[in-house]
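Asks: task: produce atomic coordinates for the following.
(chains A and B)
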Amino acid sequence: MDHDRFVCEIRCPVHGFIGMTQLELEVVNHSVFQRLRRIKQLAWTDYVYPGASHSRFEHSLGVMHLVSRLYEAVVETSGNTLKEWFGYEDPGLKRDWQLVRLAALLHDVGHAPFSHAAEGLLPMKEPEDYSLFQGMASPGERYAHEDYSVAIIETVLKDLIETHPSNRRNYKITTDEITALISKRAPKRGSLFWKDIISGQLDADRMDYLLRDSLHAGVSYGRFDLDRIVSSVCAVRRPQEESSEPKIAIKRGGMYAAEALIMARYWMHKQVYFHKTRLSCDHHLKQALGHILADDAGDLSENVYFPRPDSPEELDKFLKWDDYRVMGLLAAGKGGEHGQRLMTRDHYRLVCELAESDDTVADMDASIKKNDAIVQELQPMVKYVAKPKPLWYKTNRASELVLVDNDGKTEIGILSGHSPIVKSINVGYLRFVYADKSDAPEARAKFKAIVERQSRAEAMPLPKSVAEKGPPDVV
Amino acid sequence: MSSETIFQRLGLLAELAGRARLGRTAFMKLLFFLQESKGVPLGYQFSLYSYGPFDSDVLADIATAERLNVLKSSTVYYPSGMGYEYSPGSDLKSVKDLSGDFLEEHRAKIDWVLEHFSRKTAAELELLSTILFVAKYQNPGTVEDLVAQVEVIKRHFSQEQIRRGFEELVILRILKTQPVH
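Replies: Model prediction:
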């Protein structure tokens, strides 16, 4: 590919030197990209792992670097499939290398302060006035950071990218093509195939954040054999009965590295992303930010959100929000009770972590009801119950990867079908129950008593007559 | 995601598998049609890929259903590779019971999607779901614009095939021929 077009290199703690083309360098130097230096990748996770204070800036550079390694590997292994199916010739492959790198570089440019922790405060989308659709409109949907990324690329960065001499002369890449690779929609021209290595089943985004977050947090859980994955990735056309389009797949030899990637995700979620203190801080941040936004808007109602991405003026206002501004406002006491809690690390304390059994449907149902009862019984001490999206949904994406033989063509199944380790990851519907620091010891003691009572009841079932007739009336 | 939603989704998979032999692509697209054209609230977030609308949560739900014995998979071999087909598992009834009134509430829509889409090939479903996705989320102003946008994504379908797919969705009253202003 066009590595000879690199005009500079940046040293990255994960990948070593990351090369950049002139166009990429100018995008990186733009103020909207520099803003990512001021948005922490893992919000308040440094309250648990002090080293985890890295930013979206370095992650974005890492994703660009990694996506081009994957791209080059797929082209090398499956170039003929790509040429036959998509009609690629070598100049087209060089062009799309630059396209995919730009999409990867910019995929997170629309993050709100503190990354995902603040996403609950992005506004709702307006209902569309459809031209050709007459089915049921979707229920109200909240904007996501990807919508902001798209808006920034399509407005603020459009001229820089589309009129850049290198792009005009060599590639003619449009911002529409870039945004199609990082949003839910399709481009007006070009291929969607490469979306899979940016945000699909085996993507550079997740691979980079696992390695990077692991490094900065100082834990080893997120490590996996990246080189083996890169050397095993390929494109495969599946039988018509399953899909008519090529998909990203992994060769048999890379199966264990792919397994390790899934386990890395599992462990990182268990140990870092779902850490009890991090989840609690995310809750306080959301409440504090709500307070700050309301104060900023002079509207103390509870429904104040970040500015919308659908007008240049509002987008400009959004871009003025970053972690520094929020931290300044928190330091000035503008975050209300929750802001004060964050500043003094007086977060809610974990009382218990409740898992739900998924051995059978009946077990799952019974454990959900049991956990509902526990939370109910712990009231009124419960201040917050975190219910993160089940781990299974977080890890499953790569476990459904298509596996092919080492010839890169013959399909042999999907990863989860060949991996007992992946199959054994439980669904993991978790609940984290929190109380105020002062109530936590009492709540924990009560939880312990509930569990002991339940254990005794399960060990000694009620006598048959009582179980059938119910307990005797109390006089 | 609430436990109620989980049981509703699993119950729906059980219902679909109990009435048709479906592969993974078919599940993905039938659920897409149910949510996006009939408004059945399933909570999926579909994005468009070259193989049509896709949400990895659907595959996670299928895997969960299989693990809980709600679905059983069997491998199907084709000349150029392999695929999976699903049939009801032993715990199908209990999960349908736990999905509450959800299946009854959406019975007519489920019947509709099975009647019109369950016998189509994966390639046909990919095309039809892509047409619907483009019409709904990219909101082209005219039919010509729609056909052109779909052609970019599904390079190996002719304009004529895309137009026929569009007309099929018009007959099903999911799409309309003329914008109303």
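Asks: OK, contacts around the residue lying closest to residue A:88 once chain neighbours are set aside?
Replies: Distance criterion CB to CB, 6 or more residues apart in numbering or on different chains; nearest residue to residue A:88, sequence neighbours excluded, is residue A:82 at 4.9 Å. Yep, even glycine has a C-beta here, placed from its N, CA and C like the rest. If a contact means CB atoms under 8 Å, 6 or more residues apart in numbering or on different chains, then residue A:82 has A:74, A:75, A:88, A:93, A:193, A:235, A:246 as its contacts.
Asks: can you list those in JSON lines and add pLDDT?
Replies: Output for the contacts of residue A:82, formatted as JSON lines (pLDDT from 0 to 100):
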{"residue": "A:74", "pLDDT": "95"}
{"residue": "A:75", "pLDDT": "95"}
{"residue": "A:88", "pLDDT": "88"}
{"residue": "A:93", "pLDDT": "92"}
{"residue": "A:193", "pLDDT": "87"}
{"residue": "A:235", "pLDDT": "91"}
{"residue": "A:246", "pLDDT": "82"}
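Asks: tell me which two in those are the farthest apart.
Replies: Comparing all pairs in the contacts of residue A:82 by CB to CB, the longest separation belongs to A:93 and A:246, at 14.2 Å.
Asks: mind checking which of those two has more residues around it?
Replies: Remark: of residue A:93 and residue A:246, residue A:246 carries more neighbours, 23 against 18, as counted by other CB atoms under 10 Å in any protein chain shown.
Asks: beta-bridge partners for the more buried one, please?
Replies: residue A:237 (DSSP bridges).
Asks: surely it touches residue A:83?
Replies: No. The criterion here is CB atoms under 8 Å, and residue A:246 misses it with residue A:83 at 11.4 Å.
Asks: helix/strand/coil for residue A:250?
Replies: With DSSP: H, G, I helix; E, B strand; the rest coil as the basis, residue A:250 sits in strand.
Asks: what about it, distance to residue A:258?
Replies: Here the criterion is CB to CB, to the nearest Å. By it, residue A:250 lies 5 Å from residue A:258.
Asks: hey, what's in contact with both of those two?
Replies: A:202, A:229, A:232, A:401, A:415.
Asks: which regions of the stretch 151-300 of chain A sit below the pLDDT cut-off?
Replies: A:188-190, A:238-244 (pLDDT under 70).
Asks: rerun at 50
Replies: Scanning the stretch 151-300 of chain A for pLDDT under 50 picks out A:241.
Asks: for the residue of chain A found nearest chain B, grab phi and psi.
Replies: Scanning chain A for proximity to chain B using CB to the nearest CB identifies residue A:136 as nearest, at 2.9 Å. Phi and psi for residue A:136, reported as degrees, to the nearest 10, are phi -80, psi 130.
Asks: ok, it - contacts?
Replies: So, once contact is read as CB under 8 Å, 6+ apart, residue A:136 ends up touching B:37, B:38, B:39.
Asks: and the buried ones among those, selectable in PyMOL?
Replies: Per 16 or more other CB atoms under 10 Å in any protein chain shown, the buried members of the contacts of residue A:136 correspond to this PyMOL selection:
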select buried, chain B and resi 37+38
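Asks: so is the biggest helix by length in chain B next to chain A?
Replies: Secondary structure of chain B per DSSP state H: the longest helix is helix B:3-19. Yes. Judged by CB under 8 Å from any CB of the partner chain, helix B:3-19 comes into contact with chain A at B:3, B:6, B:7, B:10.
Asks: give the next helix or strand downstream of that helix.
Replies: strand B:22-23 (DSSP states H and E).
Asks: helices or strands up against that following strand?
Replies: The contact analysis (3 or more CB pairs under 8 Å, 6 or more residues apart in numbering or on different chains; DSSP states H and E) places strand B:22-23 against strand B:81-88.
Asks: circling back to that earlier point, so which of the contacts of residue A:136 are in helices?
Replies: Reading helices off the contacts of residue A:136 with DSSP H, I get B:37, B:38.
Asks: find me the pLDDT at the nearest residue to residue B:8 once chain neighbours are set aside, would you?
Replies: Excluding the flanking residues, the one nearest residue B:8 by CB to CB, 6+ apart is residue B:102, at 4.4 Å. pLDDT for residue B:102: 93.
Asks: residue B:102 and chain A, how far apart?
Replies: From residue B:102 across to chain A, the span is 15 Å (CB to the nearest CB, to the nearest Å).
Asks: what's that residue in contact with, if anything?
Replies: B:8, B:11, B:12.
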